[in-house]
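A.B. asks: from the sequence below, what's the structure:
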Amino acid sequence: MSTSSSYLPPGLPAPVPARDGLDAPYWEAASQHRLVAQRCRSCRRWQWGPEWLCHRCHSFEVAFEAPPGPAVIYSWERPWHPVHPVLATHGPYIVALVELPEADGIRMVGNLVGDPTVAVSVGAEVVPHFEDHLDDDPPFTLVHWRFA
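C.D. replies: Numbers count the residues shown, from 1 in each chain. Next up is the predicted model:
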């Protein structure tokens, strides 16, 4: 990671879209600092992670749209141990499971940026925080979360 203001240290593997292109619209929207999730065009229900068909009505008419807010912390963890060699001196950090109640309760995982020792409460409102890595090959944008 080459961005000097990165939340996590350089050297972690870069995320890449799935080879089949299923999640490419998510990564494209993230690069434009927009959060999207899948929504069925038939039954209008939200789902996450991306699938080729709707989990509920089995329609193949799924698309990516901006989910309605707010987003809230559903659960979280504060790892102190390194899960990758480049994190050996970087810790703790906070990983949050974020729920979007108005988008059928879909949940997304991401880092909670900011002070890693802050008190965290389930139900706290959060907003997406986009971290660009434009000098990487290929360039990418991570979706983290921060308190609203």
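
A.B. asks: need the contact list for Tyr26.
C.D. replies: Neighbouring residues of Tyr26 by CB atoms under 8 Å, 6 or more residues apart in numbering: 17, 36-37, 50, 64. Using the backbone N, CA and C atoms, a C-beta is placed for each residue, glycine as well.

A.B. asks: and which of those is nearest Leu97?
C.D. replies: For the contacts of Tyr26, the residue nearest Leu97 by CB to CB is Ala37; the value is 14.5 Å.

A.B. asks: I'd like the distance between that closest one and Ala66.
C.D. replies: From Ala37 across to Ala66, the span is 8 Å (CB to CB, to the nearest Å).

A.B. asks: derive a PyMOL selection command for the buried subset of the contacts of Tyr26.
C.D. replies: With 16 or more other CB atoms under 10 Å as the criterion, this PyMOL line picks the buried residues out of these:
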select buried, resi 36+37+50+64
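
A.B. asks: can you name the two of the contacts of Tyr26 that are farthest apart?
C.D. replies: Pro17 and Ala37 (15.3 Å).

A.B. asks: out of the contacts of Tyr26, which are inside helices?
C.D. replies: The helices, defined by DSSP state H, take in nothing from the contacts of Tyr26.
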